[in-house]
Structures are given as structure tokens and as C-alpha cells.
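J.: Using only what follows, build the 3D model:
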Amino acid sequence: LDEIQFKSSSSPKVQLPDDFKLPEPQPLTVTEKTDLKDILKSSAALALRLATGAFVLGWKIDTVFADDDGDYALALGPIRLRDSSSVLSDAPRPEKTLILYEYDASPFCKRVRETMNLLDLTYESRPCPGARAGAFSEELFQKTGRRTIPYLIDPNTGVEMFESSDQIQYLLNTYGPPQETFDRKALWPITFQQFSVFTSTLVAVLRDMAGARRQPNARPDNEKMQPLELWGYECSPFVKPVKEKLCSLCLPHKLVSCSRGSANRNKMIKRTGRFQVPFLVDPNTGIEMYEGAEMVEYLEKVYTTE
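T.: All right, here's what the predicted structure looks like:
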């Protein structure tokens, strides 16, 4: 690619690396740039949290012999598995994107992010590493007088709130299905607070507390960037390193939930012709790309100082 510079009226100027090339999508493949040790850590973290958030609430298999009609289906030889949610189709959907002040290693923030996945909700993350670092932490302090995360803002209802348990209940009440349509036992890995906080803390330690500190060479104007868009889900071993990097660089980003059974899987098929996560859209450069390891490298080159 030739050198390109981009600038919007409200965001800083960013520049693609001279040697940048879009990677070829290679689904579920360990490439030469993949950190195998990191993938193993992420996989262990997935097991510790019992794969919470890997499936939407009310996940069900619709058919194992889906037609090749352009809609999403998981192809496994002669099998084409199509899945969805039995309870979310009629659940209210927010018109405006929810906003979450958070950081990746926080066990309390993780509970809320997993709930977003279960309910198939998209949200904008405003990273506050360690709750006290970065411009978004200062923004939160100016707004509330506190540097406590997670902090949830719902622009659809005007509700703003602290406390992860209260946020989880709010999301279930506001954007979840009627309580009589699902078994609340499905929520216990999240709603059983002692278990969820303890195991999420173990996950954070296993992941070396990634995202708990602002990267020293992160661009000082990163918080002013247009929000990037990351398609994925919380417990994916391939998505996790990208989410952590966005947080450590204090880059605002919209997380488009794509757990198994998510309606967003079909949206990606319609948009790109394929489904694979992570999928990153960067409005600051116009880049859209697959491949997690290459995304981390890209973010490092574009959003750090020399």
C-alpha cells in the first residue's frame, strides 16, 4: 500500500506503516505470527470461566443441514450447523450504542462484558487502565467525582450507573428476554459473584494483568481517536489479545458481540462475505482486517510513538 494519511475534523491524524499489507484471512489457523503461548493462556482462561459468553442466552441449534443460501452456518464437512437464540429474537434492542468505562483485567468489568455477550449487545469501551490511567479515567472523574469502574451509560434511557451487579441486572431487565422464557441457572457463572470475581481474577493473573496499565509509548492523543470496531466475543482466545491491546493503548472501541447464536454473525456474512473473528474496522485509517496477531502488530505500529 502506498503511504496514506487520514484526518477527520474531530480526530487526530494517523498514518499507515509504509510496509503495511492486509493479511489473508486464515480461520482457526496458527500462523507464524501467532503467539502460541498466548493462545494457550487464553484457552486456559476460557476454561476457568467455563466458556461464559461463548454462547448467547437461549442458544439453540436450528439445523445441522442448513442450505448454502448465503446466511451464516458453521461448515464441518457434510454438516452445515445453523444456530440462534430461542429467547433473544423478541428482546428489546438498544438503538444507541451502550458505553462502558472499563479496563480488560478488571474482574468486575469482565462480568459486565460477558453479560453483553450473552444478550448479544454491542457496546463502546472507553478504556481506563487500572481505573486511574488515561484521559477516559479523567473524563469519568470529571463526570462523577469518582474513578470507579465499570461505569455504564445507556444513552437510550439516560441511565448511568456504577456497580457491576447492578449493571448486570439492569441489562437483563432492559435488554433481556422475559424472565419466564429462560432458566436463570444459565446465568450463574456471572451472577454468582464470588465465583465470577474469583475466577475472573485468576484469568487476569494468567493473562499477566494485560490492559491494567496504559502502555508507556501509547500516543497521547489515542483517546481522541474515532472508536475502532472489533467484532468478537469475550472468551475467544483469538480475540482476547486484540481487546487487551486496544485497552492498553487507551483506544476507544466498539465491541460487536459475535458469540455462538449471535445475529451479528449473519450481519458479518452480509457485510464481508465470510465470518471470522476477530474482525477489526478502523475508521481512522479506513482499514478492515482479519487475523488477531496481525491486528496487534498493526495497532502497535499505528497507535504508538517511536
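J.: Can you list the residue ranges for strands in the stretch 101-250 of the chain?
T.: 123-127, 151-154, 159-161, 228-232 (DSSP state E, counting those that start in this stretch).
J.: Minimum distance to residue 43: which of these has it?
T.: For the strands of the stretch 101-250 of the chain, the distance to residue 43 is smallest for strand 228-232, at 15.1 Å, taking CB to CB. For every residue, glycine as well, the C-beta is placed using N, CA and C.
J.: so which helix or strand takes in the nearest residue in space to residue 34 that is not next to it in sequence?
T.: Leaving aside its chain neighbours, residue 34 sits nearest to residue 293 (4.9 Å; criterion: CB to CB, 6 or more residues apart in numbering). Element membership for residue 293 (DSSP states H and E) is helix 292-302.
J.: CA atoms of that helix as PDB?
T.: Output of helix 292-302 as PDB, limited to C-alpha atoms (Å, rounded to 0.1, in the frame of the first residue of the first chain):
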ATOM      1  CA  GLY A 292      -5.600 -11.300  15.500                       C
ATOM      2  CA  ALA A 293      -1.800 -11.400  15.700                       C
ATOM      3  CA  GLU A 294      -1.600  -9.100  12.700                       C
ATOM      4  CA  MET A 295      -4.100  -6.700  14.300                       C
ATOM      5  CA  VAL A 296      -2.000  -6.500  17.500                       C
ATOM      6  CA  GLU A 297       1.100  -5.700  15.300                       C
ATOM      7  CA  TYR A 298      -0.900  -3.100  13.300                       C
ATOM      8  CA  LEU A 299      -2.200  -1.300  16.400                       C
ATOM      9  CA  GLU A 300       1.300  -1.300  17.900                       C
ATOM     10  CA  LYS A 301       2.700   0.400  14.700                       C
ATOM     11  CA  VAL A 302      -0.100   2.900  14.200                       C
END
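J.: List the buried residues of it.
T.: Of all the residues in helix 292-302, those buried under the rule 16 or more other CB atoms under 10 Å are 292, 293, 294, 295, 296, 297, 298, 299, 300, 302.
J.: of all those, which comes closest to residue 16?
T.: Nearest to residue 16 among those, with distances taken as CB to CB, is residue 302, at 6.9 Å.
J.: Now for the closest one: which residues touch it?
T.: Neighbouring residues of residue 302 by CB atoms under 8 Å, 6 or more residues apart in numbering: 14, 15, 16, 17, 282, 284, 285.
J.: do that again at 7 Å, thanks
T.: Listed by CB atoms under 7 Å, 6 or more residues apart in numbering, the contact set of residue 302 reads 14, 16, 17, 285.
J.: Nearest spatial neighbour of the first one, chain-adjacent residues omitted?
T.: In other words, residue 14. In space, and not counting its chain neighbours, residue 14 is closest to residue 284: 4.8 Å by CB to CB, 6+ apart.
J.: That neighbour contacts residue 222, doesn't it?
T.: No: Residue 284 lies out of contact with residue 222 (CB atoms under 7 Å); the separation is 10.0 Å.
J.: for this protein, what's the longest strand?
T.: Secondary structure of the chain read by DSSP state E shows that its longest strand is strand 79-85.
J.: Buried by neighbour count: which residues of that one qualify?
T.: Residues 80, 81, 82, 83, 84, 85 are the ones in strand 79-85 that count as buried (16+ other CB under 10 Å).
J.: Now, the contacts of residue 302 that are in strands?
T.: Under the assignment DSSP E, the contacts of residue 302 contribute residue 14 to strands.
J.: Pick out the lowest-pLDDT one from the contacts of residue 302.
T.: Least confident of the contacts of residue 302 in the model: residue 17, at 84.
J.: Quick test: name the residue nearest the centre of this structure.
T.: The centroid of the chain falls nearest to residue 255 when counting by CA atoms, centre = their mean (4.1 Å).
J.: any idea what it is structurally, helix, strand or coil?
T.: strand (DSSP: H, G, I helix; E, B strand; the rest coil).
J.: So it sits against residue 123, correct?
T.: Yes: Residue 255 lies in contact with residue 123 (CB under 7 Å); the separation is 5.8 Å.
J.: give me every residue that touches the residue lying closest to residue 134 once chain neighbours are set aside.
T.: Excluding its sequence neighbours, the residue lying closest to residue 134 (CB to CB, 6+ apart) is residue 250, at 4.2 Å. If a contact means CB under 7 Å, 6+ apart, then residue 250 has 127, 129, 134, 135, 136, 214, 218, 222, 223 as its contacts.
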